[in-house]
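Engineer: have a look at this prediction, sequence included:
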Amino acid sequence: MIDQTAALYRDLDRILVTKEEIAEAVRRLGRRITEDYAGKAPVLLGILKGAIVFYSDLMRAIDLPVTSEFMAVSSYGSATKTSGVVQIRKDLDHDITGKDLIIVEDIVDSGVTLNYLKGHLANRGAASIRIATLLDKPGRRRVDLKTDYVCFEIPDAFVVGYGLDYDEKYRNLPDIGVLAPRVYQKD
Ligand code: 5GP
């Protein structure tokens, strides 16, 4: 392993999900979506930036003529707790009227971000909207949000890796781990 990556791993308290477990779960989810949307061409809507790694693996595990869209929303900044305020920073490139949307998200925590986004997209005429999330923290939910596809339910801890960041770092770690509180408590 290269030294810089080893240094990032030292900021983790523990590994929560290994890259092998992720690969298996993403393969399984790709098969499920392929079956559920047989005969259709869903739009995979990735939420930047945290979902990028999951997104690129998941889209290759789906055997359908999918198309791609991305949105950027913010509710966090660099803090580890949600602000509850959702802002759209990058919008869709194409009209989604009549399309089957699958929102691809890295993690659902309070649910505030996706709850807002789902309502917003429904108003724009999507035929159907489902949520595929890599991680879910059901214990932290503040709104009643249904997640359709979940790879892993995790406990209430701040995690990084496989696309998830803290202050824009750790996204390139292949595994998902719990960030040691000393890393963010010193800020
Ligand atoms: P929610 O609106 O569900 O509270 O927050 C969703 C967003 O918060 C996620 O897309 C992600 O950006 C961020 N988030 C929530 N929990 C974590 C976590 O444990 N680690 C990281 N890196 N981001 C998180």
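Structural biologist: Everything's here; your move.
Engineer: please list all residues in contact with the residue positioned nearest the centre of the chain.
Structural biologist: Compute the mean C-alpha point of the chain, and by CA atoms, centre = their mean the closest residue is residue 106, 1.4 Å away. Residue 106 is in contact with 47, 50, 51, 54, 133, 134, 135, 163, 164, counting by CB atoms under 8 Å, 6 or more residues apart in numbering. Using the backbone N, CA and C atoms, a C-beta is placed for each residue, glycine as well.
Engineer: look up the pLDDT of the spatially closest residue to the third one that is not a sequence neighbour for me, please.
Structural biologist: Think residue 51. Residue nearest to residue 51 in three dimensions, not counting chain neighbours: residue 106, with 4.6 Å by CB to CB, 6 or more residues apart in numbering. The predicted structure scores residue 106 at 98 on the pLDDT scale.
Engineer: which of the contacts of residue 106 sit farthest apart?
Structural biologist: Using CB to CB, the pair of the contacts of residue 106 lying farthest apart is 47 and 135, separated by 12.8 Å.
Engineer: host element of the residue nearest to the centre of the chain?
Structural biologist: Taking DSSP states H and E as the definition, residue 106 sits inside strand 100-108.
Engineer: what residues does the helix or strand that that strand is followed by touch?
Structural biologist: Next along the chain after strand 100-108, taking DSSP H and E as the criterion, comes helix 112-122. Around helix 112-122, the neighbours that count as contacts under CB under 8 Å, 6+ apart are 45, 47, 71, 73, 75, 82, 84, 86, 88, 96, 101, 103, 105, 108, 129, 131, 142-145, 147.
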